[in-house]
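[1] Pasted the sequence and its predicted model underneath.
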Amino acid sequence: MRTIVLFIAATLTAYVCDAQVNSVINKGNEAYRLQQYDKAADAYREALRADPNNATAAFNLGNALFKSKKLEEAVRQFDEISQKTTDKPLQSQSYYNKGVALTQQKKLEESIEAYKQSLRLNAADSFARENLQRALNEKKQQQQQEQQQEQKKQQDKENKPQPKQNKLNQQQVQQLLKALEEQEKKLQERVMKKAPLPGQPDKDW
């Protein structure tokens, strides 16, 4: 079973903003704990409108989108965080969560790259390492299945009975015409034998 870890960043001292924004983020966190993910996302968006550079609100918004199964939006959110922030732990966590969201969408190549990026920033992250290995294994299985399907198609194509050739070559055509001429000649000969002589009445059968 794939390990999925989503880091809910609480109001960390590194990202402390004014009291109002902080309060809104806490409301979002409470809604998240109650599994009210859409409500949590709304709270994080409200915090971001007041403070667009608030990393905590941005990161938690990505998590809420993930939990709401809005995976494409979550990927974009985590990608934006990893590009904007200079905080390496947060970057690493954003790449990791991006990888999880991509894996769930079966976008294995992209998820593998996201896990690698996470490990480049935090080589000690065992979750990222394990998920990278799982994604690589799944990619290998996918390639093997595709190869087997292609081989089966090729075998089916080779084993498919070929349609009979109905076209005749020139020599066969000439032989056929000659045979037809012979048949017609013999038929005419039989008819001439049975034909009555001139002036002779037909037989009355």
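    Cool, the structure landed.
[2] So, low pLDDT: which residues of the chain?
    1-17, 161-169, 187, 190-205 (pLDDT under 70).
[3] Tell me which residue lies nearest the centroid of it.
    When Cα atoms, centre = their mean is applied to the chain, the residue found nearest the centroid is residue 106 (6.4 Å).
[4] I'd like the distance from that residue to residue 135, if you could.
    10 Å (Cβ to Cβ, to the nearest Å). C-beta here means a position set from N, CA and C on the backbone, and glycine is covered the same way.
[5] what's the answer for residue 183, then?
    Distance from residue 183 to residue 135, by Cβ to Cβ: 76 Å.
[6] Settle it for me: which of these two has more neighbours?
    More crowded of residue 183 and residue 135, by other Cβ atoms under 10 Å: residue 135, with 25 against 10.
[7] Can you tell me the SS state at residue 124?
    State at residue 124, reduced to three classes by DSSP: H, G, I helix; E, B strand; the rest coil: coil.
[8] What is the neighbour count of it?
    Residue 124, neighbours per other Cβ under 10 Å, totals 8.
[9] repeat for residue 180
    Neighbours of residue 180 (other Cβ under 10 Å): 10.
[10] any idea how far it is from residue 188?
    13 Å.
[11] again, but for residue 176
    19 Å.
[12] Excluding chain neighbours, give the residue nearest to residue 81 in space.
    Distances taken as Cβ to Cβ, 6 or more residues apart in numbering place residue 94 nearest to residue 81, at 4.3 Å, with adjacent residues excluded.
[13] same check, this time on residue 61
    Leaving aside its sequence neighbours, residue 61 is closest to residue 44 (3.9 Å, by Cβ to Cβ, 6+ apart).
[14] got the residue ranges for the helices in the protein?
    19-33, 37-50, 55-67, 71-84, 88-104, 108-121, 126-159, 170-194 (DSSP state H).
[15] Report the buried residues of stretch 130-140.
    131-132, 134-135, 138 (16 or more other Cβ atoms under 10 Å).
[16] want to try CSV for the residues you listed, with distance to residue 29 as columns?
    Shown next, in CSV, are those (distance: Cβ to Cβ, whole Å):
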residue, distance to residue 29
131, 25
132, 29
134, 29
135, 29
138, 33
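[17] Surely residue 21 touches residue 52?
    No. Look at residue 21 against residue 52 with Cβ atoms under 8 Å: they stay out of range, at 10.6 Å.
[18] higher neighbour count, the two?
    More neighbours surround residue 21 than the other of residue 21 and residue 52, with 21 against 10 (other Cβ under 10 Å).
[19] Contacts only, for the more buried one.
    47, 50-51, 54, 57 (Cβ atoms under 8 Å, 6 or more residues apart in numbering).
[20] Just the buried subset of those residues, written out for PyMOL, thanks.
    Command for PyMOL that selects the buried part of the contacts of residue 21, burial taken from 16+ other Cβ under 10 Å:
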select buried, resi 47+51+54+57
